[in-house]
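Student: coords please:
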Amino acid sequence: MSSVRTPSRPSDTTGPKDSVADKLSQKTPRPAQSKQVRLKLVYIDFWSAVKFSFLIAAAVGVIILVAVLLIWTVLTSTGVFDQISTLLKDVSGNSRTSVTNIVSFAQVMGFTLVIAALNVVVGTVLGAIACVLYNLSVKITGGILVGFKNG
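Tutor: As a prediction, the model looks like this:
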């Protein structure tokens, strides 16, 4: 028989039970070290960039709408518009002057909706332009070096 030990077959030799090989085989293995890879980004797909920039711009548009709604609600509930209306009445001398007559909630939300829609269109177009400019500049610069780590 050979003197090579394998986990499935014990050896025939009657050596000491606390050998170095036995101790090493009982230790838990260390986790494999992660491998780092360096890659160059030399192309961005145009339609992927357009879809991504559209989604980001749409999310920002929704955030703008919600933010304006919340700001209007807070300003109304804290009485800021009433104080501004009182100030306008005192300055102008007209007792019918009010902030809500000049700027209503519907007008503010309509204007915000127009701004959010423009933001979506402009953001998508800017994302597409950035993609085209990057793909053109790669021919000159060679791309961006990006490092990735496995694990």
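Student: need the longest helix for this structure.
Tutor: Assignment by DSSP state H gives helix 105-141 as the longest helix of the chain.
Student: which strands and helices sit next to that one?
Tutor: Counting contacts by 3 or more C-beta pairs under 8 Å, 6 or more residues apart in numbering; DSSP states H and E, helix 105-141 packs against helix 46-78. From N, CA and C alone the C-beta is placed, and that goes for glycine too.
Student: Now the helix it packs on: buried residues?
Tutor: 49, 53, 54, 57, 58, 61, 68, 72 (16 or more other C-beta atoms under 10 Å).
Student: Tell me if I'm right that the fourth one and residue 118 touch.
Tutor: Spelled out, it's residue 57. No. Residue 57 lies out of contact with residue 118 (C-beta atoms under 8 Å); the separation is 9.8 Å.
Student: tell me which residues in the longest helix of the chain are buried?
Tutor: 112, 116, 119, 120, 123, 124, 127, 128, 131, 134, 135, 138.
Student: Likewise for stretch 88-105?
Tutor: 88, 97, 98, 99.
Student: okay, among the residues you listed, which ones form the most distant pair?
Tutor: In the buried residues of stretch 88-105, two members sit farther apart than any others by C-beta to C-beta. They are 97 and 99, at 8.4 Å.
Student: Name all residues that sit in contact with those two at the same time.
Tutor: Common contacts of residue 97 and residue 99 (C-beta atoms under 8 Å, 6 or more residues apart in numbering): 85, 88.
Student: What residues does the residue nearest to residue 97 when sequence neighbours are not counted make contact with?
Tutor: In this structure, residue 97 finds its nearest non-sequential neighbour in residue 88, 4.6 Å apart by C-beta to C-beta, 6 or more residues apart in numbering. Residues near residue 88 by C-beta under 8 Å, 6+ apart: 97, 98, 99.
Student: Likewise for residue 123?
Tutor: Residues in contact with residue 123, defined by C-beta under 8 Å, 6+ apart, are 53, 54, 56, 57, 60.
Student: How much space separates the residue nearest to the spatial centre of the chain from residue 80?
Tutor: The centroid of the chain falls nearest to residue 56 when counting by C-alpha atoms, centre = their mean (8.8 Å). For residue 56, the distance to residue 80 (C-beta to C-beta, to the nearest Å) stands at 32 Å.
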